[in-house]
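this one's structure only:
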C-alpha cells in the first residue's frame with residue numbers, strides 16, 4: 001500500500017447558516033493508504049461522503065445535488081507523515097466569493 005494525500009473540492013452544498021440556508025463550498029484533504037491513485041480517490045470520496053458534519057447538515061434537493069471534485073492526488077514517501085496534520089481538514093468557503 002502507498003500513502004496518498006488527496007485534495008477535494010465540494011461545491012453547491014446548501015446548508016443552514018446565520019442568515020438562513022445558503023450554498024457553500026469546501027476544500028478537504030484526506031490521507032489514505034491505497035493500491036493506486038484511483039483507489040485513493042475513491043477512499044477519500046467515501047470519507048467525505050460519510051462525514052457526519054455533511055450528512056446531517058446538507059439541505060440540497062435531489063434536483064440540485066452538491067458536487068465533490070478531485071483537485072489533486074500526491075503520492076507520499078514513507079517519511080512524509082507531517083501531511084497527517086492537514087489530512088482531516090475541512091475548510092469552508094462562501095459561494096459568494098468563489099467561481
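Done, it's in. As the structure is a prediction and not an experimental result, all values here were calculated from the model. Numbering: from 1, shown residues only.

And residue 47, its phi and psi?
phi -60, psi -40 (degrees, to the nearest 10).

The residue nearest the centre of the chain and residue 39, how far apart?
What sits nearest the mean C-alpha location of the chain, by CA atoms, centre = their mean, is residue 28, with 3.8 Å. Distance of residue 28 to residue 39, computed by CB to CB, to the nearest Å: 18 Å. C-beta: built from backbone N, CA, C; applies to glycine.

do residue 68 as well
Counting by CB to CB - residue 68 and residue 39 are separated by 16 Å.

Please say which of these two ends up with more neighbours.
Neighbours per residue (other CB atoms under 10 Å) separate residue 68 from residue 39, with residue 68 holding more: 19 against 15.

Okay, that one and residue 77: tell me how far apart.
27 Å.

do residue 14 as well
39 Å.

the more surrounded of these two?
residue 14 (18 against 9).

in stretch 34-47, what's buried?
Neighbour-count burial for stretch 34-47, with 16 or more other CB atoms under 10 Å as criterion, is recorded at 34, 40, 41, 43, 44, 45, 47.

Out of the residues you listed, list just those in helices.
40, 41, 43, 44, 45, 47 (DSSP state H).

Distance to residue 23 added to those residues, as CSV?
As requested, these are exported to CSV (distance: CB to CB, whole Å):
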residue, distance to residue 23
40, 28
41, 24
43, 27
44, 22
45, 20
47, 22
